[in-house]
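[1] My questions are about this predicted structure, shown below with the sequence.
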Amino acid sequence: MGCGTVRERPWGLTLASFAEARAHGQLTLTGDDGKLYGVAFADGVIVGASSPFASDSAARVALTSHLVRSAEVPTLVRAVAAAPGRDEVDVVSERAGLTGQQTERLRRRLLVQRVARTFGFRTDDPRKGRRTNRQSHGRGPGNRRGDGQRGK
């Protein structure tokens, strides 16, 4: 593993190669606009993902998963912003009073949505869209479990 561009081979094969290699680390994609997308791996398993889109925030995914009401979203977004070092899903869960089962459902849905977002990643500049696999001995993209933080 190393650096390359997303144009070198089909994206699904690239993700599968990390699983096959039992990779540890984070794959980072940089769009033409400079926005970052990340997918974190531990032993080849996707354990985290980040996205620059507001629609991929835990509060918005909780809304589309029918776990919170639309009137609650602004409060949840502010609560997440006020707790930058905390897991985004944990903050939303506590503030919205979600059950453990609802919290895990949100965590899974958020992870799937953010990883799926990378399949739509495009760049016209072959020098952009670099992927990297840095060895990591800790977390995924910025938090305890690696799946509750949104990319900046």
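    Nice, thanks for sending it over.

[2] now the strands: where do they sit in this protein?
    Using DSSP state E, the strands assigned to the chain run over residues 4-5, 25-30, 36-42, 45-50, 130-131.

[3] got a markdown table for those strands, with mean pLDDT too?
    A markdown table is the format used below for the strands of the chain (pLDDT from 0 to 100):
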| stretch | mean pLDDT |
| --- | --- |
| strand 4-5 | 60 |
| strand 25-30 | 88 |
| strand 36-42 | 92 |
| strand 45-50 | 93 |
| strand 130-131 | 44 |
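
[4] I'd like these laid out as a markdown table, including mean neighbour count and distance to Ser93.
    All C-beta atoms are positioned from the backbone trio N, CA, C, and that covers glycine. Shown next, in a markdown table, are these (neighbours: other Cβ atoms under 10 Å; distance: least, Cβ to Cβ, whole Å):
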| stretch | mean neighbour count | distance to Ser93 |
| --- | --- | --- |
| strand 4-5 | 14 | 37 |
| strand 25-30 | 21 | 24 |
| strand 36-42 | 23 | 20 |
| strand 45-50 | 22 | 17 |
| strand 130-131 | 18 | 31 |
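
[5] Make CSV out of these and add distance to Leu76.
    Rendered in CSV, the data for the strands of the chain read as follows (distance: least, Cβ to Cβ, whole Å):
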stretch, distance to Leu76
strand 4-5, 37
strand 25-30, 26
strand 36-42, 22
strand 45-50, 18
strand 130-131, 32
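
[6] so which of the ones you listed comes closest to Ala71?
    With Cβ to Cβ, the closest approach to Ala71 among the strands of the chain belongs to strand 45-50: 26.7 Å.

[7] Many thanks, I have nothing further to ask.
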